[in-house]
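> quick one, fold the following:
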Amino acid sequence: MRSPRFDIRAAKLRTIFSPANIERIWKEKVRTSMRDQFINDGIEHFDFHVACKLESTKLSHLILSGDYVPHKAQRILVEKSKGLCRQLVIPTVRDAIVLQCLSDALYAEIKGKAPTQNSFFEPKDHKFSSVPSGYGTFAAWLNFQKALFNFSKARNFIVVTDIANYYDSISYVHLRNAIASITGVEECVIDMLIYVLSDLLWQPDYTPRIEIGLPQINLDAPRLLAHCFLYELDSFLASDPARDFVRYMDDIDIGVDTIVDAKQVLKSVDLVLQTKQVRLNSGKTAILTRSEAIRHFRVFENARLDTVKARIDYRVKNGLPLDRQRRVIELRISQGIKRKAFDTGNGEKILKRWLGNPSGN
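Have a look, this model is predicted:
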């Protein structure tokens, strides 16, 4: 049953969930995103695609009538390490469209309102950072790495840390307050986004709903919320010119000049996070000297990867063969695995860069 104020709140939703916008979101974004899920539809939701106009109209009517409810999602466990697993959620195509529409609407309202340029997460098709080199989440990670390399060469100590069980620990009360504090965010957008995401949380054994935790989905919406959740921390870290910092989602790296400053900033960051009921991951927190930081962040390996990428880009652009580059990549990976070169520091990330497509194609 709708509340008396639904029609007032639905005014914004009518634009977001117009049949034309739903159809556009499906064709331009969600259809591609659904291919990237860990389990995908064998015919790529062809039934929805061929009846896209009709399905978009039906979904629009369902939402604007107040009768929309998320469907039961698929869940799979993906191994992390030592037998631990991450639970991934694969939403239905209609729920994926709703989340993408809301994510786009939220981004339109918060764009340009980040407190600092030192946070480098970017959704797949939007830019947060003004750094011109690259675009999308992978390019954003590379920009994060470049900024980190720059101050790791100048600062005496680098603090490396992240947040323990970040997605699983985010409180919807604190999340809503954090997003609402960003000027201009429509209440109905954040309310509906939290409503959909909370309904996709795992509720085993008929247990009551607890409003904590973002489902881990291969879509922009939860990542966007998780990124904005730490804007207050960004403001705090940027408030002192005596330190440098960069953040990529919950990966936080801070450059300082003394060991006392390093311990002090760690204590302060943890206290700031405690006000939002999240904590630093002590097992992944380290204070590195300058030389240790260069080894940990694999500065030289990243530079080598940049060189390989540049060569591949050049050869692709000029229609030249890539046989030698393929052999080089295979050799680097096989030798690195034999030497266990990917087992420490940022080695896993280096391996992912080798296994990914260095040319970005």
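> run through the strands of the protein in chain order.
Ranges of strands within the chain are 74-79, 85-90, 157-162, 216-217, 244-248, 251-256, 286-289, based on DSSP state E.
> in JSON lines, list those strands along with distance to Met34.
Where C-beta positions appear, they are placed from N, C-alpha and C, glycine not excepted. As requested, those are arranged in JSON lines below (distance: least, Cβ to Cβ, whole Å):
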{"stretch": "strand 74-79", "distance to Met34": "12"}
{"stretch": "strand 85-90", "distance to Met34": "9"}
{"stretch": "strand 157-162", "distance to Met34": "29"}
{"stretch": "strand 216-217", "distance to Met34": "11"}
{"stretch": "strand 244-248", "distance to Met34": "25"}
{"stretch": "strand 251-256", "distance to Met34": "27"}
{"stretch": "strand 286-289", "distance to Met34": "38"}
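> of those strands, which is nearest Gly112?
Nearest to Gly112, of all the strands of the chain, is strand 244-248, at 17.7 Å by Cβ to Cβ.
> can you tell me what sits against that closest one?
Residues from elsewhere that reach strand 244-248 (Cβ atoms under 8 Å, 6 or more residues apart in numbering): 118-121, 140-141, 144, 147-148, 151, 154-155, 230, 233-234, 237-238, 252-255.
> who's in contact with Ile39?
Ile39 sits next to 74, 76, 90 when contact means Cβ under 8 Å, 6+ apart.
> and for the nearest residue to the last one once chain neighbours are set aside, the neighbour number?
In space, not counting the residues next to it along the chain, Ile90 is nearest to Gln74; the distance is 4.1 Å by Cβ to Cβ, 6 or more residues apart in numbering. A count of nearby residues for Gln74, using other Cβ atoms under 10 Å, gives 12.
> go on, Arg155?
Neighbours around Arg155, by other Cβ under 10 Å: 22.
> Asp253 versus that one, what's the distance?
Noted for Arg155: a distance of 10 Å to Asp253, by Cβ to Cβ, to the nearest Å.
> same question, Arg353
Distance from Arg353 to Asp253, by Cβ to Cβ: 18 Å.
> about what we covered before: what sits against the residue nearest to Ile90?
Each residue near Gln74 by Cβ under 8 Å, 6+ apart is listed here: 39, 89-90.
> kindly report the same for Asp250.
Asp250 touches 162-163, 166, 226, 230, counting by Cβ under 8 Å, 6+ apart.
> now do the helices in the stretch 151-300 of the chain.
Here the stretch 151-300 of the chain has its helices, by DSSP state H, counting those that start in this stretch, at 166-169, 172-180, 187-199, 220-228, 231-238, 259-274, 290-296, 299-317.
> now, of those, which is deepest in the fold?
Comparing the helices of the stretch 151-300 of the chain by mean neighbour count (mean count of other Cβ atoms under 10 Å), helix 220-228 comes out on top with a mean of 23.
> any regions of the stretch 101-250 of the chain where pLDDT drops low?
Where the stretch 101-250 of the chain drops to pLDDT under 70, the residues are 124-139, 141.
> if I look at the spatially most central residue of the chain, how far off is Asp168?
Per Cα atoms, centre = their mean, the C-alpha nearest to the average position across the chain is that of Arg223, at 4.0 Å. Noted for Arg223: a distance of 14 Å to Asp168, by Cβ to Cβ.
> try Ile182
Counting by Cβ to Cβ, the gap from Ile182 to Asp168 is 23 Å.
> what sits against the residue nearest to Val78 when sequence neighbours are not counted?
Spatial nearest neighbour of Val78, chain neighbours left out: Arg86 (5.0 Å); criterion: Cβ to Cβ, 6+ apart. Listed by Cβ under 8 Å, 6+ apart, the contact set of Arg86 reads 77-80, 216.
> filter those down to the buried ones.
The neighbour count (16 or more other Cβ atoms under 10 Å) marks Gln216 as buried among the contacts of Arg86.
> of the contacts of Arg86, which pair is most distant in space?
Glu79 and Gln216 (13.8 Å).
> re earlier: now, which of the contacts of Gln74 sits nearest Glu55?
Closest approach to Glu55 among the contacts of Gln74 (Cβ to Cβ): Ile90, at 18.9 Å.
> quick one, what contacts that closest one?
With Cβ under 8 Å, 6+ apart, Ile90 has these contacts: 37-39, 73-76, 217-218.
> quick check, nearest of those residues to His296?
Nearest member of these to His296, counting by Cβ to Cβ, is Asn218, at 28.4 Å.
> thinking that closest one is in contact with Leu88, fair?
Yes: with contact defined as Cβ atoms under 8 Å, Asn218 reaches Leu88; the gap is 7.2 Å.
> okay then, goodbye and thanks.
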